[in-house]
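S.K.: My questions are about this predicted structure, shown below with the sequence.
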Amino acid sequence: MPPAGTGSLLKEIGLAAAAVVVALAARVLLDPVLGSKHPYIFLYGALAVTSLFARWQIGAGAGVLGFIASHLLFAGGREGAALPATQDLLGSLAFAVSASLIILSGALFQRAHGKLNRSSLLLQESNVRADTVLEDLREAEERMRSVVDHVIDGIITIDERGTITTFNRAAERIFGYTVREVVGRNVKLLMPEPYRGEHDAYVDNYLRTGKAKIIGIGREVVGQRKDGVSFPMELAISEFRLRDRRYFTGIVRDITDRKRLEDQLRQRLQDLAEADRQKNDFLAMLGHELRNPLGPMSNALYLMGRAPSDESTMQQLRSMIERQLQQLVRLVDDLLDLSRIIQGKIDLRRERMRLGDAVRRAVETSQPIIDANGHELDVDLPERDVYVMGDLIRLAQSISNLLNNAAKYSTRPGRIRLRLVLEGAHAAVVVKDEGAGIPPELLPRVFDLFVQGEHTLARSQGGLGIGLTLVRRVVEMHNGAVSASSPGKGKGTEFTIRLPVLPESARPTPLPGAADQERPEAPRRVLVVDDNVDAANSIAKILGLFGHAVRCAHDGPAALSVANEFLPDVVVLDIGLPGMDGYEVARRLRASEKFAKSVLVALTGYGQQGDRSRAQEAGFDQHLTKPADPELLHRVVAGRTHTT
């Protein structure tokens, strides 16, 4: 049907009117020939044109108007004509039927033509949409191919026979094969044994029963590269159907780096767990070792306050307190030494020295514990002196640690052998005992921190398990090495320290204070400064026993006041003082000419190397850590020992 717009309607009316006018005009032209016959002959053409190109309503209206005009002009409507005859009536009816058929045919034609036009438009739209869909599909395919080719995971598709049909770039990178090398071949190519031999049976079982073991889930498996190297990978498999065929897509990821990191993390966790266990063992041992001396000391103090004033008993109690105090001091010194050495803050005073001197000093230090355990010590030194560049005190301490270990872990009575031998460019200090020995599994770790042999709750040997660690660190700082050997448990142990030696022509420099040992002692004027009144008074009494004149002060300002009045030769000064710390007191004393020759001794609980350096910068001459040995303190005050 033509569109229903106003412009179109007017055009259709004009077309119908023109067709009717043309039909009437043609009939007028032929009227002389036709007369009253066939008055509607040309209206059929006008109705046909109108029904094809205008609405049926307009065609019907044009037919009615044309019929009336034709009837009036050419049929019964002529001037003087008689009433319509039967023939005219039949002609009118025939025209009405014919006109109706023409109009109906036109309407049906227009409807069919409209449907045809709409179908054509729909077809055109469908073609456009199909082209758009095809373009979208091509773009989607390109995007999908780009995604598949650029993902980090390998994507492999196989058919139900295991033949590889797709293999992306990531898979090429993971397995080392190109697409051309694998497509069309069986996926077993990418599997090591035993997976390769099991693959066909697994696929057959799945196709037969439908029971899947890995389809739809991810798992860790082992793949094989082109070069034959196996590697761990994650594999996830999914199934899909394309028409009547089954396909399987596997997504693989190389997890070699992750597994290596997991192994490292697992080992690290084990190491941390072992370190935590050793730390807990150490803290338990530390608590035990610290409480052990405190018990006898507490009991001795109780007895000294309540027992009869028997000189023999008092002497025994004093000796007991001295022994236990030395044990506490040794434990604290070991801990401080360990901290300094581990942090690299220890300052070795290396000089040319006779290694035999360190051996002799170690024997002097360890002889009491050796005697107390009922052992015999054999010492074998070479006739010729062996010279090394070393710290006498630290080397003697290391050898003493080995002797103490031998004394503690040897069966009673036992024999301990200590010998110094020259081995080419190195000197060897060997300590051998006949004691408990070291189990083979413990021997590689015997120098590690907090490592000890088997011990029971009795803890009869004592110790913190850090002595051998100190020995190794000190010896290594001397460019030497220490080793341990043992035939086994219960068969004794041999420790060997090896140090590089100096040429025989080298001679050690005199030990500090060696010349002072020959000077006669003279009483000194000593100022003791400590905010702990008991500590200051006890030090004053000890120094008084050696004949020194002693005064005390208990804070910084008081120390300066007493010093200006007393003019001491030696000031024994604590660091942590109220009002003014010991560093500031030392600086102020050094700023005065009156104390230019006074000896300043730091007596403090701060014993790290940084504390010693800071004390030296403040003007101190000597540095002692609490509690100081009374004999050592006397020698320092008398000027016979240098400690800083």
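M.R.: Structure received. None of the values given here were measured: they were computed from a predicted structure.
S.K.: need the next SSE after the longest strand seen in the chain, C-terminal direction.
M.R.: If you go by DSSP state E, the chain has its longest strand at strand 230-242. Per DSSP states H and E, the first helix or strand lying C-terminal to strand 230-242 is strand 245-254.
S.K.: Now do that next one: everything it contacts.
M.R.: The contact list for strand 245-254 (C-beta atoms under 8 Å, 6 or more residues apart in numbering) reads 152-160, 165, 171, 174, 187, 207, 215, 223, 231-241. Heads up, the C-betas are built off the backbone N, CA and C, glycines and all.
S.K.: Report the mean per-residue pLDDT for the helix or strand just after it.
M.R.: Sequence-wise, the next helix or strand downstream of strand 245-254 (DSSP H and E) is helix 256-306. What helix 256-306 shows for mean pLDDT is 77.
S.K.: Likewise for stretch 615-626?
M.R.: Taken as a whole, stretch 615-626 carries a mean pLDDT of 88.
S.K.: Which phi and psi values does residue 40 adopt?
M.R.: With angles defined as degrees, to the nearest 10, residue 40 sits at phi -110, psi 10.
S.K.: contacting residues for it?
M.R.: Residue 40 makes contact with 66, 67, 70, 91, 95, according to C-beta under 8 Å, 6+ apart.
S.K.: ok, of those residues, which one's closest to residue 534?
M.R.: Of all these, residue 534 sits closest to residue 66, with 145.2 Å by C-beta to C-beta.
S.K.: I'd say the closest one and residue 46 touch.
M.R.: Yes - the pair residue 66 and residue 46 qualifies as a contact (C-beta atoms under 8 Å) at a distance of 6.1 Å.
S.K.: Mind listing the shared neighbours of the two?
M.R.: With C-beta under 8 Å, 6+ apart as the test, residue 66 and residue 46 both reach 20, 23.
S.K.: Run the chain-centre distance for the helix or strand harbouring residue 130.
M.R.: Per DSSP H and E, residue 130 falls inside helix 86-150. When distances are taken as C-alpha atoms, centre = their mean, to the nearest Å, helix 86-150 is centred 71 Å away from the chain's centroid.
S.K.: after that helix comes which helix or strand?
M.R.: Counting by DSSP H and E, what follows helix 86-150 is strand 154-159.
S.K.: quick one on the thing from earlier: remind me what the helix holding residue 130 packs against, helices and strands.
M.R.: Counting contacts by 3 or more C-beta pairs under 8 Å, 6 or more residues apart in numbering; DSSP states H and E, helix 86-150 packs against helix 43-53, helix 56-74, helix 169-175.
S.K.: Highest mean neighbour count out of those?
M.R.: Highest mean neighbour count of those: helix 43-53, a mean of 22 (counted as mean count of other C-beta atoms under 10 Å).
S.K.: List of residues touching it?
M.R.: 2, 12, 15-16, 19-20, 22-23, 58-59, 62-63, 66-67, 70, 95, 98-99, 102-103, 105-107, 109-110.
S.K.: for the stretch 51-200 of the chain, which spans come out with low pLDDT?
M.R.: Applying pLDDT under 70 to the stretch 51-200 of the chain flags residues 75-88, 91, 141, 144-149.
S.K.: what about residue 19, neighbour count?
M.R.: Residue 19: 24 surrounding residues under other C-beta atoms under 10 Å.
S.K.: Secondary structure class of it, three-state.
M.R.: Under the three-state scheme (DSSP: H, G, I helix; E, B strand; the rest coil), residue 19 adopts helix.
S.K.: For it, which non-adjacent residue is spatially closest?
M.R.: Nearest non-adjacent residue to residue 19, counting by C-beta to C-beta, 6 or more residues apart in numbering: residue 46, 3.7 Å away.
S.K.: Ok, residue 300 next?
M.R.: Using C-beta to C-beta, 6+ apart, the closest residue to residue 300 is residue 317 (4.3 Å).
S.K.: gap between the one you found and residue 618?
M.R.: For residue 317, the distance to residue 618 (C-beta to C-beta, to the nearest Å) stands at 39 Å.
S.K.: quick one: residue 600 and residue 623 touch, right?
M.R.: No - applying C-beta under 8 Å as the test, residue 600 and residue 623 come out as separate, 9.8 Å apart.
S.K.: What are the buried residues along stretch 100-108?
M.R.: Neighbour-count burial for stretch 100-108, counted by 16 or more other C-beta atoms under 10 Å, picks out 102, 103, 106, 107.
S.K.: Mind listing residues that contact that stretch?
M.R.: Residues from elsewhere that reach stretch 100-108 (C-beta under 8 Å, 6+ apart): 44, 47, 48, 50, 51, 52, 56, 59, 60, 63.
S.K.: Swap in 10 Å and give it another go.
M.R.: 1, 43-60, 62-63 (C-beta atoms under 10 Å, 6 or more residues apart in numbering).
S.K.: In JSON lines: the helices and strands packed on helix 86-150, plus distance to residue 440.
M.R.: Listed next are the helices and strands packed on helix 86-150 as JSON lines, based on distance: least, C-beta to C-beta, whole Å:
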{"stretch": "helix 43-53", "distance to residue 440": "117"}
{"stretch": "helix 56-74", "distance to residue 440": "117"}
{"stretch": "helix 169-175", "distance to residue 440": "45"}
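S.K.: for these, which one sits closest to residue 302?
M.R.: Closest among these, using C-beta to C-beta: helix 169-175, at 78.1 Å.
S.K.: what packs against the closest one?
M.R.: In terms of contacts (3 or more C-beta pairs under 10 Å, 6 or more residues apart in numbering; DSSP states H and E), helix 169-175 is packed against helix 86-150, strand 154-159, helix 179-182, strand 218-224, strand 230-242, strand 245-254.
S.K.: ranking these by burial, who's on top?
M.R.: By mean count of other C-beta under 10 Å, these have strand 154-159 as the most buried, with a mean of 20.
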